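Asks: Following is a predicted model, sequence given first.
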Amino acid sequence: MEVCAGSIVENLGIRVDGYISSLFLGLESMRLSVMQGNLPPVKGRVGVIGGGQLAWMLRLAAQQLGIEVRVQTPSASDPAVAGFEGESNAVLAPVADAVATARLAEQCSVITFENEFVDIPSLSQLAAQGVVFRPSLSVLAALLDKYEQHQFLDSIGLSVPAFAAIAPTDDPLTMGFSFPLVIKSRRHGYDGQGTFIVQS
C-alpha cells in the first residue's frame, strides 16, 4: 500500500468544522449563482454523489438555504437518505456508477461530491454532454491522490505539513519525520479509513 506521511498539524474537529463551513458556503454560492443567472437553474436541485455523514450535513445546510438536494448512494439506510424523505430523493446506486449519475443529472442543475471516490473518466463523458460538476472534474482530479494533492497545494503556495510518499520498508525517521505521524493511504482514504496516527 502506498501512503503519504505527514506530521500532525491540525485538530480534526477544526478540520471537520471547516469542511462543513466550506460546504455551507459552497451551497450559498451556488444559490446566489443560480439567482444571478450564472448557473443554469434547471430544476433547481443540487445532486450529491455519496450519501454518508457529510452529505447528510450538506442536506441540512441546503434545507436552511431553501435548496433541494438529491443524493446518489448505494443504500436507503445511508445517512443522507434515511434522515430525510427517504428513497424518493435518492438514486440508489454505487457512487462510481456513471449511469446512475446520468439519472441524477436529469434531476439536478449541478452535481457535487461528498468524497473523491468517483470515476473521473466516466464522469468526464457526462461533463462533455453538458452535466455540470462543482468542483469541476479537473479540480477534483488534482485531489484524488493524497500525495499528489499535497504536491499540488504546495506548488501553488499553500501551507501544507511536511509530507512524503513512503513504502512499507521505509523508515520515516530517516526521512526527517518525528513522531507522532499521520500515515494516509494515497487513494480512497479519509479520517475513519486509511488514516493512521502512529505514536512511535
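Replies: Here it is on my side, so go on. The model shown is predicted, which means the values in this text are computed figures rather than measured ones.

Asks: ok, the spatially most central residue of the chain - contacts?
Replies: When C-alpha atoms, centre = their mean is applied to the chain, the residue found nearest the centroid is Asn115 (2.7 Å). Counting by C-beta atoms under 8 Å, 6 or more residues apart in numbering, Asn115 touches 50, 52, 54, 95, 190. Backbone N, C-alpha and C define where each C-beta goes, glycine included.

Asks: Just give the closest residue to Phe113, not the sequence neighbours.
Replies: Take Phe113 and drop its neighbours on the chain: the residue closest to it by C-beta to C-beta, 6 or more residues apart in numbering is Ile49, 5.1 Å away.

Asks: Torsion angles phi and psi at that neighbour?
Replies: When quoted as degrees, to the nearest 10, the phi and psi of Ile49 stand at phi -90, psi 110.

Asks: Burial check on it, number of neighbours?
Replies: Taking other C-beta atoms under 10 Å as the criterion, the count of residues near Ile49 is 28.

Asks: And Gly157, by the same measure?
Replies: The number of residues packed around Gly157, counting by other C-beta under 10 Å, is 6.

Asks: That one: what secondary structure?
Replies: For Gly157, the secondary structure call by DSSP: H, G, I helix; E, B strand; the rest coil comes out as coil.

Asks: Report the separation between it and Gln151.
Replies: Taking C-beta to C-beta, to the nearest Å as the criterion, Gly157 is separated from Gln151 by 13 Å.

Asks: can you list residues touching both of these two?
Replies: When contacts are counted by C-beta under 8 Å, 6+ apart, Gly157 and Gln151 have no shared neighbour.

Asks: could you pull out the strands for the chain?
Replies: Along the chain, counting by DSSP state E, strands occupy 3-7, 45-49, 68-73, 90-92, 110-113, 163-166, 181-185, 195-198.

Asks: could you dump the longest one to CSV, C-alpha only?
Replies: Read it as strand 68-73. Taking Å, rounded to 0.1, in the frame of the first residue of the first chain, the C-alpha atoms of strand 68-73 are listed here in CSV:
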residue,chain,number,x,y,z
GLU,A,68,-33.4,20.9,-2.7
VAL,A,69,-30.9,18.0,-2.7
ARG,A,70,-30.8,14.6,-4.4
VAL,A,71,-28.1,12.0,-3.5
GLN,A,72,-26.6,9.1,-5.3
THR,A,73,-25.7,6.4,-2.7
